[in-house]
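I would like to see how this sequence folds:
(one chain, ligands or ions: 1)
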Amino acid sequence: MSANLGGIPAYWDKGLQMKASDWERVWEERKAVFEMPKVHRLADKGHDVVGVEYAKLPCREFFEEQRLESDTTPMEDVSGGFLHKSSDGKIKIFQCDFFKFKKSHAGNFDVIWDRASLVALNKSDRKK
Ligand SMILES: C[S@@+](CC[C@H](N)C(=O)[O-])C[C@H]1O[C@@H](n2cnc3c(N)ncnc32)[C@H](O)[C@@H]1O
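Sure, this is the predicted structure:
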């Protein structure tokens, strides 16, 4: 994947496929930015917040930027997956492939907030 984030729709239009692991490079090359401070605001309002993100860098940087103490532990049933949890337990970010994320990992949700996840998926994966 050599396109920058703004070029990803054009990438799909060419019928090319992108692997979730390609996103690690997008983050390392600083071609993506996160809207993660909003997540922190939800937690400040008393909500329990759960996120799912494949790439390691934004998961780690979120807690650093928000100056939140956190623990990172491997996910037991997802190889290569990690759970990053704030020390008060209000914010959990699962670092794993969204398609491997299960109800058993985080229970039921009252609200799902999505921003720019579908655009990150190959067109052929969007109906899954
Ligand atoms: C366009 S960015 C949006 C990021 C964030 N939702 C925001 O609003 O700032 C898409 C994100 O999806 C992540 N991603 C892509 N494929 C994924 C997958 N299969 N499972 C989990 N995350 C994935 C990428 O690493 C990237 O951070």
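
ok, the residue at minimal distance from the centre of the chain to Gln95 distance?
Nearest residue to the geometric centre of the chain (Cα atoms, centre = their mean): Glu53, 1.6 Å. Counting by Cβ to Cβ, to the nearest Å, the gap from Glu53 to Gln95 is 6 Å. Just so you know, the C-beta spots here come from the backbone N, C-alpha and C atoms, and that holds for glycine as well.

who touches both of the two?
Cys59 (Cβ atoms under 8 Å, 6 or more residues apart in numbering).

for this protein, what spans make up the strands?
According to DSSP state E, the chain carries its strands in the segments 49-53, 70-74, 82-86, 91-95.

Determine which stretch of those strands is the most buried.
When these are scored by mean count of other Cβ atoms under 10 Å, the highest mean neighbour count falls to strand 91-95 (a mean of 22).

for it, packing partners?
For strand 91-95, the elements it packs on are helix 37-44, strand 49-53, helix 56-65, strand 82-86, helix 103-106, judged by 3 or more Cβ pairs under 8 Å, 6 or more residues apart in numbering; DSSP states H and E.
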